[in-house]
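Participant: Fold the following for me, if possible:
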Amino acid sequence: MGYVKFGKPDTHIKDIFIELGLLSAVSKSSSKADYFSLKIIERIAKSNNTTPYAVDKLLWLIGSGDFYLGKLEVGSKKKEFIELMKQRKHNQTMSLRCSSSCQ
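Facilitator: Prediction:
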């Protein structure tokens, strides 16, 4: 508690990273998966000018759906989030392909 420079590679975060192809070469339960997950969290945080803790919290809330501070349980939105991110990645890839081949 109180360490904003670190995230916690829990099952929700690792599930998201695995499904997005960010964490595919290691077993989910391995210490390497934990290490790589922490590194991914750090990169996301740095790219978005925020803390690893904030990235961790956001992904955990998406994965768990447990907004405990507001005593609100909305259910996991992990599948929806993963599909949205895959679609965005697809759209970016298509846009890059067009911009390089359409010139």
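Participant: CA only for contacts and neighbour counts going forward, please
Facilitator: OK.
Participant: Centre of the chain to the helix or strand Ala33 falls within, how far?
Facilitator: Using DSSP states H and E, Ala33 maps to helix 31-47. Offset of helix 31-47 from its chain centre (Cα atoms, centre = their mean, to the nearest Å): 9 Å.
Participant: could I get that helix in PDB with only the CA atoms?
Facilitator: Extracted in PDB, the C-alpha atoms of helix 31-47 (Å, rounded to 0.1, in the frame of the first residue of the first chain):
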ATOM      1  CA  SER A  31       7.900 -15.400 -11.800                       C
ATOM      2  CA  LYS A  32       8.900 -14.400 -15.300                       C
ATOM      3  CA  ALA A  33       5.300 -13.600 -16.100                       C
ATOM      4  CA  ASP A  34       5.200 -11.400 -12.900                       C
ATOM      5  CA  TYR A  35       8.400  -9.600 -13.900                       C
ATOM      6  CA  PHE A  36       7.300  -9.000 -17.500                       C
ATOM      7  CA  SER A  37       3.900  -7.800 -16.400                       C
ATOM      8  CA  LEU A  38       5.600  -5.300 -14.100                       C
ATOM      9  CA  LYS A  39       7.700  -4.100 -17.000                       C
ATOM     10  CA  ILE A  40       4.600  -3.700 -19.200                       C
ATOM     11  CA  ILE A  41       2.800  -1.800 -16.500                       C
ATOM     12  CA  GLU A  42       5.700   0.500 -16.200                       C
ATOM     13  CA  ARG A  43       5.900   1.100 -19.900                       C
ATOM     14  CA  ILE A  44       2.200   1.800 -20.100                       C
ATOM     15  CA  ALA A  45       2.500   4.300 -17.200                       C
ATOM     16  CA  LYS A  46       5.400   6.100 -18.700                       C
ATOM     17  CA  SER A  47       3.700   6.300 -22.100                       C
END
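Participant: Give me the helices and strands touching the helix or strand following it, please.
Facilitator: Next along the chain after helix 31-47, taking DSSP H and E as the criterion, comes helix 52-64. Secondary-structure packing of helix 52-64 (3 or more Cα pairs under 8 Å, 6 or more residues apart in numbering; DSSP states H and E): helix 11-19, helix 31-47, helix 78-101.
Participant: Perfect, that will be all.
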